[in-house]
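Visitor: here's a sequence, model it:
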Amino acid sequence: MITHSFRETLDGGLEKTGQVVPMIPTFVFGWPSGDELGDYLAIDLGGTNLRVCLVNLQGKGKFEVTQSKYRLSEEQKQDDGQKLFDFCAESLKTFIDSNSGEGGLIQVSPGQKLPLGFTFSYPCKQDRIDHGVLIRWTKGFGAANTEGEDVAAMFQKSLEKFELPVTLTALINDTTGTLIASRYVNPTTKIACIFGTGCNAAYMEHIKDIPKIKDLGLPDNVDMAINCEWGAFDSFEHEHLPRSKYDVIIDEASNKPGEQAFEKLISGRYLGEIMRLVICELIDDGILFLGQNTYKVEVANALDTALLSLMESDPTDELLMIIGIFSHFFALETTLAERQFLRAIARLIGRRAARLSACGIGALVGKMGYLEDGCAVGCDGSLYNKYPGFAGRIHEGLIDIFGEKASNIRTHHAEDGSGVGSAIIAAMTKARKDAGLYVNL
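Guide: Model (predicted):
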């Protein structure tokens, strides 16, 4: 039932703008050929670091990456937006200077410009690939004078200020980059998902099935990547997802109550807190940690999701890892029965997250008719990569949705979308515009 309603929501987002799941057109047309060659720059404004990459595409799914990271301070995240983009441009200049010159990796002849892909993983409204109006900051950013502005134009201004030999070719979301990078390396990839602090997916849609961009007059037989922003599924109405009382408490205490309903059930930002709320209720009911001082575990967000994955993967009969976690972080002693119970709760929370994630994948697979021929799903993010059994439980969920044919759908570790994917998209966009295709998009 969840998968079915998810699919209806995705269709609704393609039909008209302003929907809860926005299904954002990315202006990335079609798949990479796999023969993309040459040097491309990529810059990724992430949550904690700014990453600058030089990607050498070698064709046949091969590439080499040279990269540097530059730390973002909390002040920079809240300061003026133009200053933030100046910092990005200055870091790019440092990177180009340190990799240029005699025998350097970057050789730019006079008048030549290198194509640059800019990964900007915050919700933007795009009318073309080298433009994006920031809808709202997320991930703790709050830089002034940026929301409602074209971030590509702001960055372009900074690039000109530092006289850099680059052309801003594409502004992309990391999930779209993950889709394209995974496809470049594994041609059976048709969907990409991120399961980390947040959650999202991207896939390739037929233009004829995106009614809301009919007015662009694009040919029906062309495809375009869609950035789903599916963490918002079932927000506000809460009709489809089975929320527990703990989920409701988390939602009401969050900075955006009612929003990102799907994300709040499955992303790494919330799983530890769900478990902590269960523990607190059992303490109040006089069931856990009797006669002990439990104040440390009663602090909001005191239990990190990483600790749940440790509890689940404890290999010892005595559950020594769980003894260590509760004594070290919360100064609590545990009985064996309590530890077994705590691990069972962690398993329930982790399993639910993975099974709900399978609903999203199932909705896209069913919608696009990928079940018969099968497809690969590139997955990235800390939950998929580090949480024990997460991938296996997604597969179990898919079997419950589709039966035995679910074995045609394989998830695999995705390629680096914000670096390599961004560079490949810059290469594809340059080739498309050089060939005179949809040059104004």
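Visitor: can you give me the helices for the protein?
Guide: 2-15, 74-78, 81-98, 151-161, 174-185, 245-253, 261-266, 271-284, 305-312, 320-330, 336-368, 382-386, 390-402, 422-434 (DSSP state H).
Visitor: of these, which is nearest residue 440?
Guide: Checking the helices of the chain against residue 440 by CB to CB gives helix 422-434 as the closest, at 9.4 Å. Bear in mind the C-beta positions are built from the backbone N, C-alpha and C, glycine included.
Visitor: can you give me the buried ones in the closest one?
Guide: By neighbour count, with 16 or more other CB atoms under 10 Å as the criterion, the buried positions of helix 422-434 are 422-430, 432-433.
Visitor: with adjacent residues omitted, what lies nearest to residue 90?
Guide: Counting by CB to CB, 6 or more residues apart in numbering, residue 162 is the residue found nearest to residue 90 once chain neighbours are left out, at 6.2 Å.
Visitor: so what's residue 396 closest to, chain neighbours aside?
Guide: residue 355 (7.1 Å).
Visitor: OK, contacts around that neighbour?
Guide: With contacts taken as CB atoms under 8 Å, 6 or more residues apart in numbering, residue 355 has the following neighbours: 393-394, 396-397, 400.
Visitor: ok, of these, which come out buried?
Guide: Neighbour counting with 16+ other CB under 10 Å marks 393-394, 397 as buried within the contacts of residue 355.
Visitor: ok, those vs residue 242, which is closest?
Guide: residue 397 (13.8 Å).
Visitor: hang on, isn't the residue nearest to residue 90 packed against residue 95?
Guide: No: at 11.6 Å, residue 162 and residue 95 do not qualify as touching, with contact defined as CB atoms under 8 Å.
Visitor: show me which of those two is the more surrounded one.
Guide: Set residue 162 next to residue 95 and count neighbours by other CB atoms under 10 Å: residue 95 wins out with 22 against 16.
Visitor: neighbours around the nearest residue to the more buried one once chain neighbours are set aside, how many?
Guide: Nearest-residue entry for residue 95: residue 52, 4.3 Å, with adjacent residues in sequence omitted and distances by CB to CB, 6+ apart. Number of residues near residue 52 (other CB under 10 Å) recorded here: 24.
Visitor: tell me the pLDDT of the residue sitting nearest the centre point of the chain.
Guide: Centre of the chain computed as the mean C-alpha position; nearest residue by CA atoms, centre = their mean is residue 194, 4.0 Å away. At residue 194, the predicted lDDT confidence score is 93.
Visitor: residues in contact with the closest residue to it other than its chain neighbours?
Guide: Beyond its immediate neighbours in the sequence, the residue positioned closest to residue 194 (CB to CB, 6+ apart) is residue 381, lying 4.5 Å away. If you count contacts by CB under 8 Å, 6+ apart, residue 381 has them with 193-197, 199, 268.
Visitor: which of those residues fall within strands?
Guide: Using DSSP state E, 193-195, 199 are the members of the contacts of residue 381 that sit in strands.
Visitor: between those residues, which is closest to residue 315?
Guide: Nearest to residue 315, judged by CB to CB, of those is residue 195 at 24.0 Å.
Visitor: quick one: that closest one from residue 69, how far?
Guide: For residue 195, the distance to residue 69 equals 23 Å [CB to CB, to the nearest Å].
Visitor: quick revisit: which one of the buried ones among the contacts of residue 355 is nearest residue 129?
Guide: Within the buried ones among the contacts of residue 355, the smallest distance to residue 129 is 31.0 Å, found for residue 394 (CB to CB).
Visitor: need the contact list for the closest one.
Guide: Residue 394 sits next to 354-355, 357-358, 361, 411 when contact means CB under 8 Å, 6+ apart.
Visitor: which ones are touching residue 220?
Guide: Contacts were defined as CB under 8 Å, 6+ apart; by that measure residue 220 touches 206-208.
Visitor: rewinding a little: need the buried residues of helix 422-434 in CSV with pLDDT and distance to residue 86, can you?
Guide: What follows is the buried residues of helix 422-434, written out as CSV (pLDDT from 0 to 100; distance: CB to CB, whole Å):
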residue, pLDDT, distance to residue 86
422, 93, 20
423, 92, 23
424, 94, 27
425, 95, 24
426, 92, 22
427, 92, 27
428, 94, 29
429, 93, 25
430, 91, 25
432, 92, 30
433, 92, 27
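Visitor: any chance of those residues in a markdown table, plus distance to residue 250?
Guide: Converted to a markdown table, the buried residues of helix 422-434 look like this (distance: CB to CB, whole Å):
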| residue | distance to residue 250 |
| --- | --- |
| 422 | 33 |
| 423 | 38 |
| 424 | 37 |
| 425 | 35 |
| 426 | 39 |
| 427 | 42 |
| 428 | 40 |
| 429 | 40 |
| 430 | 44 |
| 432 | 43 |
| 433 | 45 |
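Visitor: residue 182: which of those is nearest?
Guide: Among these, residue 424 lies closest to residue 182 (CB to CB), at 10.3 Å.
Visitor: just checking, the closest one touches residue 36?
Guide: Yes: counting by CB under 8 Å, a contact exists between residue 424 and residue 36, whose distance comes to 5.7 Å.
Visitor: where does the residue lying closest to residue 146 once chain neighbours are set aside land on pLDDT?
Guide: Sequence neighbours aside, residue 81 is the residue nearest to residue 146 in space, at 3.3 Å (criterion: CB to CB, 6+ apart). Reported pLDDT at residue 81 in the predicted model: 92.
Visitor: what's near enough to touch residue 81?
Guide: 143-146, 149, 151, 154.
Visitor: closest one to residue 320 out of those, please.
Guide: The nearest one, if we look at the contacts of residue 81 relative to residue 320 and count by CB to CB, is residue 143, at 45.5 Å.
Visitor: once you drop chain neighbours, what's closest to the closest one?
Guide: Nearest residue to residue 143, sequence neighbours excluded (CB to CB, 6+ apart): residue 81, at 4.3 Å.
Visitor: same question for residue 85.
Guide: Among residues not flanking residue 85 along the chain, residue 158 sits closest, at 4.2 Å (CB to CB, 6+ apart).
Visitor: that neighbour reaches residue 93, doesn't it?
Guide: No: between residue 158 and residue 93 there is no contact, the gap being 9.9 Å when judged by CB under 8 Å.
Visitor: and for residue 424 and residue 36, which residues touch both?
Guide: Common contacts of residue 424 and residue 36 (CB under 8 Å, 6+ apart): 57, 184.
Visitor: count of residues packed around residue 104?
Guide: For residue 104, the number of neighbouring residues by other CB under 10 Å comes to 12.
Visitor: follow-up on the earlier one: now tabulate the helices of the chain in JSON lines and tack on distance to residue 115.
Guide: As requested, the helices of the chain are arranged in JSON lines below (distance: least, CB to CB, whole Å):
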{"stretch": "helix 2-15", "distance to residue 115": "29"}
{"stretch": "helix 74-78", "distance to residue 115": "26"}
{"stretch": "helix 81-98", "distance to residue 115": "13"}
{"stretch": "helix 151-161", "distance to residue 115": "12"}
{"stretch": "helix 174-185", "distance to residue 115": "14"}
{"stretch": "helix 245-253", "distance to residue 115": "42"}
{"stretch": "helix 261-266", "distance to residue 115": "33"}
{"stretch": "helix 271-284", "distance to residue 115": "39"}
{"stretch": "helix 305-312", "distance to residue 115": "38"}
{"stretch": "helix 320-330", "distance to residue 115": "48"}
{"stretch": "helix 336-368", "distance to residue 115": "30"}
{"stretch": "helix 382-386", "distance to residue 115": "29"}
{"stretch": "helix 390-402", "distance to residue 115": "34"}
{"stretch": "helix 422-434", "distance to residue 115": "4"}
